[in-house]
Structure formats: structure tokens, C-alpha cells
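Novice: heads up, no residue letters with this:
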């Protein structure tokens, strides 16, 4: 195999990352091989460690360290047991934690209801959420979903499923710019959106 | 070490790649750990292979496979021995090869003269270029440098150093948009710029 093919394979892998185009991937690959003992070795090690050590909590879906039974947030008895914050992706949990505006439980759906992409209620972690609601007796459910059609449909579905169950179901206030995602919001905007949450 | 720290380290490494901001790096890192046996493993292997196999030709500076004495372009006796194309980065050689507009020798400077960044004539591969000119008796030198102040200064320096040596020194025609780089040019523009090259 020629050197240019190794470089191309590396660029092809990098181009699969979110937001990376073909040309950017080529420049990244070239930059990496230009210093094989610097950035390339550092990135290779970071990948190896993250791959070996990062797992997802079987209860809430947040990231946790390999070998733990539950993530630190689920294992923390000091957090508010009455309220659960439902997000689409685990990365959103980290962002909300940074905002300091929430001290309850979390639940990551690992997606959303999206008929266009063949993702129905059974394809995301909704059944685990409903089991947790039975078992953990939450008084309130905060839907910290993104702002787009599929997320709206997912919020409506959850609101409908939990109607007349004596649980308050709310959604983050639309302090978020429409069309954007949780992960891009700054902590202040997020904290405000949490405070101004609305009943579904 | 917590899982979030492994994720953060991975994001920090990714953020050192050209054109990658902090938020983009976080999303990339999360995407990678979401499928540790998919994209993460693929990228880790591509990095390992590229790091082990990709080297730079001691003569022209182009990428070559580990274990080779010279790159395939330098080793190819069928290429035009009379003309050398001087570029800033090895990645530019790959781009020019794809344009099909050049069939001679190459020489990568691995940088440019940039007093602002403390990079003088002795900090780039200029002395190797001058040695090659003595030894290989090129009739023409094409400067395929980028279009900015430092690249212009580098071109002027080379033109001055080779004055009255009976060698034609030319520079790519300004078909390239000013302020942009070789690596971003499309093959057609590059082929035209090669054809319309101007005497320095």
C-alpha cells in the first residue's frame, strides 16, 4: 500500500466526523502525519483510552466509566429524586450540568421519534423512561429536547403517554434559538430556559 | 479518572486539528465514543497505520512509504528531469499531481519565509533545493507557492538567489484567488495556473 493511500484512509475516517468535509479531512490527515510523534500519537492515545473507558449508564444513558454499575449522577443520593430531565443525547446532560440550573435525575433517549428516519417510540429509550417513572415515582418530568419538528413530536408523544398520571410534564422554555440544539446553547441561556419551562 | 475527563481529553486533541473549534471537537468526541467499535476503532487504526507507514522523502519532501529510500515521484526516471516545481507543503504536491498539468520534479519547502513567525531562509528546505539545483541541473524552476505576503517574499528571495544562473524561474499564474491556498484550488484552475506561469 502506498503512503498516499494511508493518508487517504485517514482522511476518509476523519470525514465521517460530524461537520468535517472532504477537503478539511485531507488537511487534518496531512497535519497529523506531519508530526507522527506529536498530535497523531496524542490523538491515537486519547481514542484508545476513551474507547476503553467511556461507557453509557444502563439507567439514564449518560456517559460513565467502564466498570461502574451506574453513572455518578444516578449513583449520587444527594440529587433531587422528584424530578427527571429527559434529553435526546448524553452530551446534552453534560451541557445542562455545566449550566448549574438543574439538580435532579436525568434520562437520555438516545434519539427522538422520527418517522422519516424510521425511528419510532420503540427505537429510543422511552420504555426505560416509563419503567423508571413507575419505579422512581418522579413528581415532575422536564423535557430538555431540541427545537425541531421531530423533537416536538417526541415531546407531544411523551406528554400524551403521561396524561392523567398526576405527573407534571414540562418542556424547556424557548429561550433556545429555534432550529438549534441543546449542545450549542451557552450556560446562561440554558439556565434561563430551565427556569421558564412550560407545561406540555 | 472519570469518563467525562477521557471524553474531554479526546475533544482537546481533536480541537488541535486545523479548522476544529471547541464545540465541534466535543461533538466529534461524543460521536466517537457513541460507537467505540465503529468509527472510533476505524479512526484509531487509520491513525496507527498512517503514523507507522507515512514518511517524508529526504529529497523532495513529499510523503512516501516507510522503508523507501526516496518517494515514488523522485524514483520515477520517466518524469521530466529539466523542471522542478517548488511548493510550501507536501500536500500541495498531491493536489498538483491530481491536476495532471505537471510532469517534472517536485520540491517541498516545508514552510515559507515568515519573519513575523521567526522563520527565515535557513528554517525551510531551501538549502536542499539549492543543492539539488547544483546536482540535478534543472533548466526551469516553477514556484507553486500560495498567494500571500510571506509566500510572495519567499518567491522573491528564491528569484533573487537564482538570478544570472541561466535558470528560468517562474511562478504560477494568478488564476488562484488571492488569499487562498494551493490545497483549496480545483484541478482545472490549477492546470491553467500552471500553463500561464510568469517569469519572476
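Specialist: Arrived safely, thanks for sending. Bear in mind that the values here come from a model prediction, so they are computed numbers and not experimental data. Numbering: from 1, shown residues only, chains lettered A, B, ... in the order given.
Novice: I'd like to know which elements the helix or strand containing residue A:127 is packed against.
Specialist: Take DSSP states H and E as the rule and residue A:127 turns out to sit in helix A:126-136. Other elements packing on helix A:126-136 under the criterion 3 or more CB pairs under 8 Å, 6 or more residues apart in numbering or on different chains; DSSP states H and E are strand A:83-87, strand A:105-108, helix A:149-161. Where you see a C-beta, it was placed from the backbone N, CA and C, and this is true even at glycine.
Novice: can you list the strands that the second one pairs with?
Specialist: Yep, that's strand A:105-108 we're talking about. Strand partners for strand A:105-108, identified by DSSP bridges, are recorded as strand A:83-87 (parallel).
Novice: chain center to the partner strand: distance?
Specialist: 12 Å (CA atoms, centre = their mean, to the nearest Å).
Novice: doesn't residue A:142 belong to a helix?
Specialist: No. Assessed with DSSP: H, G, I helix; E, B strand; the rest coil, residue A:142 is strand; it does not lie in a helix.
Novice: thought residue A:84 was touching it, still the case?
Specialist: Yes. Residue A:142 is in contact with residue A:84 according to CB atoms under 8 Å; the separation is 7.2 Å.
Novice: what sits in contact with each of the two?
Specialist: Residues within reach of residue A:142 and of residue A:84 at once, by CB atoms under 8 Å, 6 or more residues apart in numbering or on different chains, are residue A:104.
Novice: is residue A:18 in a helix, a strand, or coil?
Specialist: coil.
Novice: scratch that, residue A:28 is what I was asking about
Specialist: For residue A:28, the assignment made with three-state DSSP gives helix.
Novice: swap in residue A:164?
Specialist: Under three-state DSSP, residue A:164 falls in the coil class.
Novice: pLDDT weak spots in chain A?
Specialist: A:1, A:174-178 (pLDDT under 70).
Novice: all strands for chain A, in order.
Specialist: Remark: strands assigned in chain A by DSSP state E are A:54-56, A:63-65, A:83-87, A:105-108, A:140-144, A:168-171, A:198-199.
Novice: determine which of those approaches residue B:44 most closely.
Specialist: The minimum distance between residue B:44 and the strands of chain A falls on strand A:54-56, with 13.5 Å, by CB to CB.
Novice: partner strands of that closest one, parallel or antiparallel?
Specialist: When sheet partners are counted by DSSP bridges, strand A:54-56 sits next to strand A:63-65 (antiparallel).
Novice: report the angle between the lengthiest helix in chain A and helix B:39-53.
Specialist: Scanning chain A for the helix with the most residues, using DSSP state H, yields helix A:39-53. Put simply, helix A:39-53 runs at 150 degrees to helix B:39-53, going by axes from the mean of the first three to the mean of the last three CA atoms, to 10 degrees.
Novice: picking up where we left off before, format the helices and strands packed on helix A:126-136 as a markdown table; extra columns: distance to residue B:160 and mean neighbour count.
Specialist: As requested, the helices and strands packed on helix A:126-136 are exported to a markdown table (distance: least, CB to CB, whole Å; neighbours: other CB atoms under 10 Å in any protein chain shown):
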| stretch | distance to residue B:160 | mean neighbour count |
| --- | --- | --- |
| strand A:83-87 | 62 | 23 |
| strand A:105-108 | 63 | 25 |
| helix A:149-161 | 63 | 17 |
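Novice: in the helix holding residue A:127, which residues are buried?
Specialist: A:126, A:128, A:129, A:132, A:133 (16 or more other CB atoms under 10 Å in any protein chain shown).
Novice: so what's residue A:48 closest to, chain neighbours aside?
Specialist: Nearest residue to residue A:48, sequence neighbours excluded (CB to CB, 6 or more residues apart in numbering or on different chains): residue B:44, at 6.0 Å.
Novice: how many residues are close by the one you found?
Specialist: The local packing of residue B:44 (other CB atoms under 10 Å in any protein chain shown) involves 21 other residues.
Novice: quick one: which of the buried residues of helix A:126-136 is nearest chain B?
Specialist: Chain B has its nearest neighbour among the buried residues of helix A:126-136 in residue A:128, at 17.1 Å by CB to the nearest CB.
Novice: ok, residue A:38 - how many residues close by?
Specialist: Residue A:38 has 12 neighbours, counted by other CB under 10 Å.
Novice: er, residue A:25 actually
Specialist: 21.
Novice: now do residue A:95
Specialist: Residues near residue A:95, counting by other CB under 10 Å, number 21.
Novice: and it, what does it touch?
Specialist: Shown in contact with residue A:95 (CB under 8 Å, 6+ apart): A:182, A:183, A:185, A:187, A:190.
Novice: so residue A:110 touches residue A:61, yeah?
Specialist: Yes. With contact defined as CB under 8 Å, residue A:110 reaches residue A:61; the gap is 5.7 Å.
Novice: okay, and the common contacts of those two?
Specialist: Common neighbours of residue A:110 and residue A:61, using CB under 8 Å, 6+ apart, are A:90, A:125.
Novice: more neighbours: which of the two?
Specialist: Using other CB under 10 Å as the criterion, residue A:110 and residue A:61 rank with residue A:61 on top: 25 against 17.
Novice: give me the distance between that one and chain B.
Specialist: Here residue A:61 is placed at a distance of 11 Å from chain B (CB to the nearest CB, to the nearest Å).
Novice: residue A:165 too?
Specialist: For residue A:165, the distance to chain B equals 32 Å [CB to the nearest CB].
Novice: tell me who's in contact with that residue.
Specialist: Contacts for residue A:165 (CB under 8 Å, 6+ apart) come out as residue A:133.
Novice: so what's the residue most central in space within chain A up against?
Specialist: Ranked by distance to the mean C-alpha position of chain A (CA atoms, centre = their mean), the top residue is residue A:89 at 1.8 Å. Contacts for residue A:89 (CB under 8 Å, 6+ apart) come out as A:108, A:110, A:182, A:183, B:30.
Novice: returning to what we had before: in TSV: the helices and strands packed on helix A:126-136, plus distance to residue B:13.
Specialist: Below are those laid out as TSV (distance: least, CB to CB, whole Å):
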stretch	distance to residue B:13
strand A:83-87	25
strand A:105-108	24
helix A:149-161	31
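Novice: good, wrapping up.
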